[in-house]
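Peer 1: okay, sequence plus prediction incoming.
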Protein chains: 6
Amino acid sequence: DEHEAEGSGETWLPSLMTETPQEGFALAVTLSQKGVGITQPDAEVRKAKRSEYAENPDSLIAVSHVIATHFQTVAAANDYWRE
Amino acid sequence: DEHEAEGSGETWLPSLMTETPQEGFALAVTLSQKGVGITQPDAEVRKAKRSEYAENPDSLIAVSHVIATHFQTVAAANDYWRE
Amino acid sequence: DEHEAEGSGETWLPSLMTETPQEGFALAVTLSQKGVGITQPDAEVRKAKRSEYAENPDSLIAVSHVIATHFQTVAAANDYWRE
Amino acid sequence: DEHEAEGSGETWLPSLMTETPQEGFALAVTLSQKGVGITQPDAEVRKAKRSEYAENPDSLIAVSHVIATHFQTVAAANDYWRE
Amino acid sequence: DEHEAEGSGETWLPSLMTETPQEGFALAVTLSQKGVGITQPDAEVRKAKRSEYAENPDSLIAVSHVIATHFQTVAAANDYWRE
Amino acid sequence: DEHEAEGSGETWLPSLMTETPQEGFALAVTLSQKGVGITQPDAEVRKAKRSEYAENPDSLIAVSHVIATHFQTVAAANDYWRE
């Protein structure tokens, strides 16, 4: 959906710190999508493919795995939001 | 099954802390399902596909891998429930 | 084989601590199987599929990968059984 | 695109340190591409294949997973850009 | 090749400590094979399948990934054999 | 290409320490190849297969993932080459 501005100076990742675990999970989702957007920068192509893989269980599980990997990083960065 | 309310302000992940390892494992399962629900927010579609991949060993193993990845995060967050 | 009692109060994971690395590996195997059992709680279906994937090298390698991921967690929890 | 000079003395990875998380993510992308370039050093072949896998959702997700793995390393190296 | 004696009291993993990184890598290979042997305990079946997947590049790469995951554990256990 | 001498006493991994991140990445590549060589020790077979998977984007991405996993280990061993 969003415009991929890899080459530009646009800031999309100012920090790995989040207020809550839930925001951290949302950031992991963003990082996972960004990893796809860098290889396929055309948002139209991504959108067209989305309807395809969103109905493929194995693709959904694979996306969930990428999110899990990024969530490890974000959670460690935030010291697991321990109080 | 549950209603995916990504965009809303609903809190589903208040903390990574759990009382026991077993509750931590259950949280890892929740995180793994959430990663799928974000890409396919339609619970009906997910339910329809579930009967499909739940009989596919490779899909089941892949789900187990995602859970394992999240369990690493939850276990570290809880300092492995060491006493 | 075992009865999956996810919803019940049955305790199957009281601790990540084990006496030896070998017991830790066995726990990693249990965690890996639990991740499958949660998505496919019907032990009969799992048993039927087992004969299928147990002869598929790629499935066996994938199972070994999940065990490896859980073993990382269990080993860290036990401080690698250093003396 | 770039010329792969594995055997030569050319320096392409002087450090894992970056100023910002976003530059760290860009470095993770570079590392991920380098891992491909080492096995297939012919930039023409890579370019030809790119149009193929850039339209394959599962390939895009797999690339995103490799980036996530490298981002873990780069983020840890930079102590998560904590202030 | 070796006899899988999961149920018995035979010790095959007394420690994660090794003298050298190279022995640690060999242990990672053993752990990776053990993960396969637990799901397919019949050594004859494993041997028959081996000639199959040993000529399949994707299977070989997947085995290498499992070894890499275990090597992370073994290397951390040995504090990376730092002097 | 190189002769696989697993059974022999030949030393191929004396240390995980490297002078630079780039040498560390090269070591990660070596470790990744070694993981393949152990399962398929016949260099001729590996060479024959190489031309096959080197043109398969998904295989190249999978190789890159294994390298990324080993690079995590090597980078941690070297304390990320922090100065």
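Peer 2: Ah, there it is.
Peer 1: right, is the strand or helix carrying A:E44 up against chain D?
Peer 2: When elements are assigned from DSSP states H and E, A:E44 belongs to helix A:43-53. Yes. Applying C-beta under 8 Å from any C-beta of the partner chain, one finds helix A:43-53 touching chain D at A:45, A:49-50, A:52-53. From N, CA and C alone the C-beta is placed, and that goes for glycine too.
Peer 1: chain neighbours aside, what residue packs nearest to A:V63?
Peer 2: Spatially, and ignoring its direct neighbours in sequence, A:V63 is nearest to B:T39 (5.0 Å; C-beta to C-beta, 6 or more residues apart in numbering or on different chains).
Peer 1: and for the one you found, the neighbour number?
Peer 2: Residues lying near B:T39 (other C-beta atoms under 10 Å in any protein chain shown) number 21.
Peer 1: which residues of chain A score low on pLDDT?
Peer 2: Across chain A, the ranges flagged by pLDDT under 70 are A:1-8.
Peer 1: can you rerun that using 50?
Peer 2: Counting by pLDDT under 50, chain A contains low-confidence residues at A:1-6.
Peer 1: test my guess that A:P14 contacts D:T20.
Peer 2: Yes. A:P14 is within contact range of D:T20, at 7.4 Å (criterion: C-beta atoms under 8 Å).
Peer 1: which of those two has more neighbours?
Peer 2: When neighbours are counted by other C-beta under 10 Å, A:P14 and D:T20 differ, and D:T20 comes out ahead with 14 against 10.
Peer 1: phi and psi next, for the more buried one.
Peer 2: Torsion angles at D:T20 (phi, psi; degrees, to the nearest 10) stand at phi -130, psi 160.
Peer 1: the residue lying closest to it once chain neighbours are set aside and A:M17: what is the separation?
Peer 2: Counting by C-beta to C-beta, 6+ apart, D:W81 is the residue found nearest to D:T20 once chain neighbours are left out, at 6.5 Å. D:W81 sits 9 Å away from A:M17, taking C-beta to C-beta, to the nearest Å as the criterion.
Peer 1: comparing the two, which shows the higher neighbour count?
Peer 2: Per other C-beta under 10 Å, whichever of D:W81 and A:M17 has more neighbours is D:W81, with 20 against 17.
Peer 1: what sits against that one?
Peer 2: A:15-16, A:77, D:20-21, D:24, D:75 (C-beta atoms under 8 Å, 6 or more residues apart in numbering or on different chains).
Peer 1: which pair of those spans the longest distance?
Peer 2: A:A77 and D:T20 (13.2 Å; C-beta to C-beta).
Peer 1: before we move on, the earlier item: for the residue nearest to A:V63, which residues are in contact?
Peer 2: A:53-54, A:60, A:63-64.
Peer 1: let me have those residues in JSON lines, extended by neighbour count.
Peer 2: Below are the contacts of B:T39 laid out as JSON lines (neighbours: other C-beta atoms under 10 Å in any protein chain shown):
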{"residue": "A:Y53", "neighbour count": "20"}
{"residue": "A:A54", "neighbour count": "19"}
{"residue": "A:L60", "neighbour count": "26"}
{"residue": "A:V63", "neighbour count": "29"}
{"residue": "A:S64", "neighbour count": "29"}
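Peer 1: mind giving me the packing neighbours of the helix or strand A:A68 falls within?
Peer 2: Taking DSSP H and E as the definition, A:A68 sits inside helix A:57-77. When contacts are defined as 3 or more C-beta pairs under 8 Å, 6 or more residues apart in numbering or on different chains; DSSP states H and E, helix A:57-77 sits against helix A:21-39, helix A:43-53, helix B:21-39, helix B:43-53, helix B:57-77, helix D:57-77.
Peer 1: start and end of stretch A:42-62, how far apart?
Peer 2: In stretch A:42-62, first residue to last residue: 21 Å (C-alpha to C-alpha, to the nearest Å).
Peer 1: touching that stretch from outside, list them.
Peer 2: Residues from elsewhere that reach stretch A:42-62 (C-beta under 8 Å, 6+ apart): A:1-4, A:36-37, A:40, A:63, B:36, B:39-40, B:45, B:49-50, B:52-53, B:56, B:58-59, B:62-63, B:66, D:54-55, D:57-58, D:60-62, D:65.
Peer 1: how many other residues sit next to the residue of chain A found nearest chain C?
Peer 2: Residue nearest to chain C within chain A (C-beta to the nearest C-beta): A:I61, separated by 9.8 Å. Counted with other C-beta under 10 Å, the neighbours of A:I61 add up to 25.
Peer 1: A:A26 now?
Peer 2: Per other C-beta under 10 Å, the neighbour tally for A:A26 reads 18.
Peer 1: now swap in A:E19 and tell me
Peer 2: A:E19 is flanked by 9 other residues according to other C-beta under 10 Å.
Peer 1: same thing with A:T11?
Peer 2: For A:T11, the tally of surrounding residues (other C-beta under 10 Å) stands at 11.
Peer 1: relative to chain E, how far out is the closest residue to chain B within chain A?
Peer 2: Per C-beta to the nearest C-beta, A:S64 is where chain A lies closest to chain B, at 3.1 Å. Separation of A:S64 from chain E (C-beta to the nearest C-beta, to the nearest Å) stands at 18 Å.
Peer 1: quick one: residues contacting that residue.
Peer 2: The neighbours of A:S64, taking C-beta under 8 Å, 6+ apart as the test, are B:32-36, B:39, B:66.
Peer 1: closest to chain A among these?
Peer 2: The closest of those, once distances to chain A are taken by C-beta to the nearest C-beta, is B:G35, at 3.1 Å.
Peer 1: so what's the closest one closest to, chain neighbours aside?
Peer 2: For B:G35, ignoring the flanking residues on the chain, the nearest one in space by C-beta to C-beta, 6+ apart is A:S64 at 3.1 Å.
Peer 1: alright, calling it a day.
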